[in-house]
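Okay, predicted coordinates and the sequence, questions at the end:
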Amino acid sequence: MSQTAFSTLNLHSDLLKNISSLGYESMTPIQAQSLPHILAGKDVIAQGKTGSGKTAAFGLGLLEKLNVKRFRVQSLVLCPTRELADQVAKEIRRLARTIHNIKVLTLCGGMPFGPQIGSLEHGAHIIVGTPGRIEEHVRKGTLNLDDLEMLILDEADRMLEMGFQDALDAIIDAAPKQRQTLLFSATYPDQIKSIADRIMFKPVMAKVESTH
Ligand code: ADP
Ligand code: MG
């Protein structure tokens with residue numbers, strides 16, 4: 001299998017240094033196929049099995065684009081469950097550890113509402129959460145998406161299986177039309193294809209076949 005070094009990408013040097021300190025020697029195939037397009041600002045649909053490194057693909061994309069000096073919600077990552085949202089937030093924080101004063105906030109259902117409102121009042125650059133709770137914050141006006149630049153649907157197939165279609169639609173309606181949208185999924189059923197047709201602009205397809 002051909003190996004592609006992260007250094008072939010146009011990433012900030014502090015991000016590159018951190019990637020190597022985490023022991024990531026080269027890109028995984030899904031990263032090699034998706035990251036150049038993500039960094040070029042394109043909408044990307046990435047399909048690859050569990051464990052293929054999809055989190056770092058969008059995580060590095062959003063961190064490269066982020067302006068830490070603008071203390072506004074610039075990226076929103078939607079995940080099907082609280083456990084997955086926590087894992088994604090943890091990986092983003094690991095990837096971001098050389099960037100100072102970056103705020104990653106998780107907003108998930110099953111957690112008390114009040115503290116989340118307090119955290120939102122303090123502000124964040126990146127929000128990771130589950131669609132139901134994010135939609136509730138958007139509807140109540142406690143989460144403002146006017147400055148959103150990047151919307152990421154992680155495990156989109158599972159979010160639809162779990163009945164989050166309406167919440168996703170409401171969140172997407174509240175997001176600026178001018179944005180970058182990334183969609184990650186293990187499978188690509190018709191329901192995903194139809195959501196992609198509605199919410200993405202000329203998406204690039206990155207697909208890695210499972211090897212067995
Ligand atoms: P997926 O979302 O595709 O299921 P994850 O993003 O959770 O996969 O990644 C699986 C594991 O691989 C994580 O432990 C992550 O830290 C690790 N990983 C990601 N990218 C690389 C890389 N380029 N080199 C080595 N390990 C990596
Ligand atoms: Mg994942």
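Yep, it's here. Ligands and ions are numbered 1, 2, ... in the order given.

For ligand 1, see how far away the closest residue to residue 150 other than its chain neighbours is.
Take residue 150 and drop its neighbours on the chain: the residue closest to it by Cβ to Cβ, 6 or more residues apart in numbering is residue 75, 4.4 Å away. For glycine as for every other residue, the C-beta is placed from the backbone atoms N, C-alpha and C. As judged by Cβ to the nearest ligand atom, to the nearest Å, residue 75 and ligand 1 stand 16 Å apart.

Can you give me the neighbour number for residue 75?
Neighbour count of residue 75, defined by other Cβ atoms under 10 Å: 26.

Can you pull the phi and psi angles for it?
Phi and psi for residue 75, reported as degrees, to the nearest 10, are phi -130, psi 140.

if I look at it, how far off is residue 97?
From residue 75 across to residue 97, the span is 17 Å (Cβ to Cβ, to the nearest Å).

follow-up on the earlier one: would you mind listing the residues in contact with the residue nearest to residue 150?
62, 65-66, 125-127, 148-152 (Cβ atoms under 8 Å, 6 or more residues apart in numbering).

Could you list the contact residues of this protein toward ligand 1?
24, 27-28, 31, 48, 50-56 (Cβ under 6 Å from any ligand atom).

if you set the cut-off to 8 Å instead, what comes out?
6, 19, 22-28, 30-31, 48-57, 59, 87, 91, 94, 154-155, 184, 186 (Cβ under 8 Å from any ligand atom).

Keep only those of the residues you listed that are in strands.
Judged by DSSP state E, strands contain the following of those: residue 184.

of the residues of the chain next to ligand 1, buried ones?
6, 19, 24, 26-28, 30-31, 48, 52-57, 59, 91, 154-155, 184 (16 or more other Cβ atoms under 10 Å).

Stretch 160-170: which residues count as buried?
Result for stretch 160-170 [16+ other Cβ under 10 Å]: buried residues 160, 164, 167-168.

now swap in stretch 63-83 and tell me
Buried positions in stretch 63-83, judged by neighbour count with 16+ other Cβ under 10 Å: 63, 66, 73-82.

Which two of those residues have the greatest separation?
Spanning the widest gap among those are 66 and 81, at 24.7 Å by Cβ to Cβ.

quick one, phi/psi of residue 180?
Torsion angles, degrees, to the nearest 10, at residue 180: phi -100, psi 130.

go on, residue 150?
Per degrees, to the nearest 10, the backbone of residue 150 is at phi -140, psi 130.

So it sits against residue 62, correct?
Yes - look at residue 150 against residue 62 with Cβ atoms under 8 Å: they come within range, at 5.2 Å.

Show me whatever sits in contact with both of these two.
With Cβ under 8 Å, 6+ apart, residue 150 and residue 62 have common neighbours 74-75.

okay, those two: which has more neighbours?
Legend: neighbour count by other Cβ under 10 Å for residue 150 and residue 62, higher for residue 62 (25 against 21).

to the chain's geometric centre, what's the distance from the helix ranked longest in the chain?
Ranked by number of residues, the top helix in the chain under DSSP state H is helix 82-95. Relative to its chain's centre, helix 82-95 lies at 10 Å (Cα atoms, centre = their mean, to the nearest Å).

What average pLDDT does that helix get?
What helix 82-95 shows for mean pLDDT is 98.
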